[in-house]
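Q: The sequence isn't on hand, but the structure is:
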């Protein structure tokens with residue numbers, strides 16, 4: 001009786017172990033298959049991206065994307081094309097040759113913005129950032145003249161008057177920098193300017 005019970009328990013354990021092994025093998029096979037599919041999908045996507053990037057290159061460099069080290073290589077190709085076109089006379093007899101450029105509109109600007117600028121120009125006005133730029137430059141020029149005069153007073157040994165002048169000049173500097181900050185918020189990209197720094201301005205006077 002005990003031997004039958006032992007064989008039954010052993011058989012049950014064997015069947016359970018075999019089932020667990022097959023279950024684990026199935027999960028491993030499924031995981032391995034999923035990884036293989038993901039790898040193939042990544043390779044396909046990479047191939048598509050490479051093809052798209054390759055089409056962005058000039059024809060002379062297509063298929064050689066790995067040998068393109070920098071933008072300089074592309075610029076060199078563009079320059080060669082320009083020189084070849086010039087040598088072949090392709091820039092001769094162009095429409096409008098010898099005539100003044102039509103600067104009435106900017107083809108690179110937003111149409112609505114370009115229309116607004118033309119309206120302002122016809123009415124003798126300028127965009128806010130242009131007027132603010134003029135104001136800032138005028139203020140900076142006058143401020144530096146005042147700083148030089150105050151610095152000369154300090155050189156004469158009148159430290160009390162220098163301290164008063166320096167305090168007033170620092171307040172003016174903060175006001176100018178506030179205008180610079182506003183200017184940088186509204187000016188087109190690439191036309192931003194740096195604000196004034198007290199220590200840097202003093203260092204220029206000490207040189």
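A: Noted; the coordinates are in hand. In this text the structure is predicted, and so the values were computed from the model without any measurement.

Q: By mean pLDDT, point me to the weakest helix or strand of the protein.
A: Counting by mean pLDDT, DSSP states H and E, the weakest-scoring helix or strand in the chain turns out to be helix 2-56, with a mean of 57.

Q: heading toward the C-terminus, what's the first helix or strand past that helix?
A: Remark: after helix 2-56, the chain's next helix or strand is helix 71-87, criterion DSSP states H and E.

Q: Buried residues, the next helix or strand after that next one. List them.
A: The helix or strand immediately downstream of helix 71-87 is helix 111-122, counting by DSSP H and E. For helix 111-122, the neighbour count (16 or more other C-beta atoms under 10 Å) marks residue 117 as buried. Every residue, glycine included, has its C-beta placed from N, CA and C.

Q: likewise stretch 187-201?
A: For stretch 187-201, a neighbour-count test (16+ other C-beta under 10 Å) marks 187, 195, 196, 201 as buried.

Q: now, which of the residues you listed lie within helices?
A: residue 201 (DSSP state H).

Q: what's the closest of the buried residues of stretch 187-201 to residue 139?
A: When the buried residues of stretch 187-201 are compared for distance to residue 139 (C-beta to C-beta), residue 196 wins out at 9.7 Å.

Q: quick one: the closest one from residue 134, how far?
A: Noted for residue 196: a distance of 17 Å to residue 134, by C-beta to C-beta, to the nearest Å.

Q: again with residue 78
A: Distance from residue 78 to residue 134, by C-beta to C-beta: 37 Å.

Q: gap between the two ends of stretch 107-126?
A: Taking C-alpha to C-alpha, to the nearest Å, stretch 107-126 runs 19 Å from one end to the other.

Q: From residue 154, how far out is residue 134?
A: As for residue 134, its distance to residue 154 is 31 Å (criterion: C-beta to C-beta).

Q: Who has more neighbours out of those two?
A: Between residue 134 and residue 154, residue 154 has the larger neighbour count (other C-beta atoms under 10 Å), namely 15 against 11.

Q: per-residue confidence for the more buried one?
A: Per-residue pLDDT puts residue 154 at 83.

Q: same deal with the one 10 residues further on?
A: Reported pLDDT at residue 164 in the predicted model: 90.

Q: Pull the number of nearby residues for it.
A: By other C-beta under 10 Å, the residues close to residue 164 number 13.

Q: Which helix or which strand is home to it?
A: According to DSSP H and E, residue 164 maps onto helix 159-186.

Q: Buried ones in that helix, by neighbour count?
A: 162, 165, 166, 169, 172, 173, 176, 179, 180, 183.

Q: if I read this right, the fifth one contacts residue 143, doesn't it?
A: Yes: applying C-beta atoms under 8 Å, one finds residue 172 in contact with residue 143, separated by 5.6 Å.

Q: secondary structure element for residue 149?
A: Using DSSP H and E, residue 149 sits within helix 128-155.

Q: Remind me what that helix packs against, helices and strands.
A: Other helices and strands packing on helix 128-155, by 3 or more C-beta pairs under 8 Å, 6 or more residues apart in numbering; DSSP states H and E, are helix 159-186, helix 198-206.
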